[in-house]
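Student: fold the following, please.
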Amino acid sequence: MSHSGTALIDPYKIFERISLSEGKRVADLGCGRTGHFVFPAVKVVGEKGVVYAVDVVKNILDSIRSMARTEGYDNVQTVWSDIEFPGKTPIPDNSLDVCFYVNVLFQLKNKAGAIKEATRMLKPGGYLVAVDWAKRLGMLGPSEEKMLSPEELARLATSENLKLVDKILPGEYHYSLIFEKV
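Tutor: Got it, this is the predicted structure:
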């Protein structure tokens, strides 16, 4: 199965850093049509794990559901939700090992609400992994004024009692910050 954007971000580089493994429960918040992190994650967490594909656009979830069925993944669960509103996503508090925001936060009006919602769902010791566009000359991605700087992301996350534990470059055009729920 081919997923667009694979050349830009290497999910396995991030999975290795957070020791993603069999049996883990993860959510790709704002998963998008291709499930760029959904499908690699489901291969890593295996049949004992669960991957929640969360998006506000219902036809995106239909597409993810169809791809999961075609590939035989019974443990991909699609969830319709607006992640900008804490408490609205129907995933229990303190139930996830990892939440991913991949090229999502720069698009949101209520970034603080989205961080709060991920934090609510994470278990203590769980990871919030945020991947977003890095500022570059001749850049791909959104306009510079829409980009979320690593400093602003860190400020938002630490205000929710998330501790910055790692920074990596998952591709040429992106940065990733990894936070742990304390």
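Student: and the helices in the protein?
Tutor: 11-17, 38-45, 58-71, 111-121, 150-158 (DSSP state H).
Student: format the ones you listed as a markdown table; extra columns: mean neighbour count.
Tutor: All C-beta atoms are positioned from the backbone trio N, CA, C, and that covers glycine. Output for the helices of the chain, formatted as a markdown table (neighbours: other C-beta atoms under 10 Å):
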| stretch | mean neighbour count |
| --- | --- |
| helix 11-17 | 18 |
| helix 38-45 | 22 |
| helix 58-71 | 16 |
| helix 111-121 | 23 |
| helix 150-158 | 16 |
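Student: wait, which of those helices is closest to Gly32?
Tutor: Nearest to Gly32 among those is helix 58-71 (6.4 Å), distances taken as C-beta to C-beta.
Student: let me know how buried Leu128 is, in neighbour terms.
Tutor: Neighbour count for Leu128, taken as other C-beta atoms under 10 Å: 26.
Student: where is the longest strand in this structure?
Tutor: strand 122-133 (DSSP state E).
Student: quick revisit: would you turn the helices of the chain into TSV with mean pLDDT?
Tutor: Conversion of the helices of the chain to TSV gives the following (pLDDT from 0 to 100):
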stretch	mean pLDDT
helix 11-17	94
helix 38-45	98
helix 58-71	97
helix 111-121	98
helix 150-158	96
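Student: could you dump those helices to TSV with distance to Lys24?
Tutor: Listed next are the helices of the chain as TSV, based on distance: least, C-beta to C-beta, whole Å:
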stretch	distance to Lys24
helix 11-17	10
helix 38-45	5
helix 58-71	17
helix 111-121	13
helix 150-158	20
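Student: excluding covalently adjacent residues, which one is nearest to Phe85?
Tutor: Gly113 (5.8 Å; C-beta to C-beta, 6 or more residues apart in numbering).
Student: need the contact list for Lys58.
Tutor: Shown in contact with Lys58 (C-beta atoms under 8 Å, 6 or more residues apart in numbering): Trp80.
Student: quick check: the gap between Gly125 and Lys181.
Tutor: Remark: distance between Gly125 and Lys181 (C-beta to C-beta, to the nearest Å) = 7 Å.
Student: which one of these two is surrounded by more residues?
Tutor: Lys181 (22 against 9).
Student: now the more buried one, nearest residue through space, not along the chain?
Tutor: Leu122 (4.4 Å).
Student: how many other residues sit next to the spatially closest residue to Ser149 that is not a sequence neighbour?
Tutor: Closest residue to Ser149 apart from its sequence neighbours, by C-beta to C-beta, 6+ apart: Lys135 at 7.7 Å. Applying other C-beta under 10 Å, we find 12 residues neighbouring Lys135.
Student: can you pull the pLDDT of Lys135?
Tutor: We have a pLDDT of 76 for Lys135.
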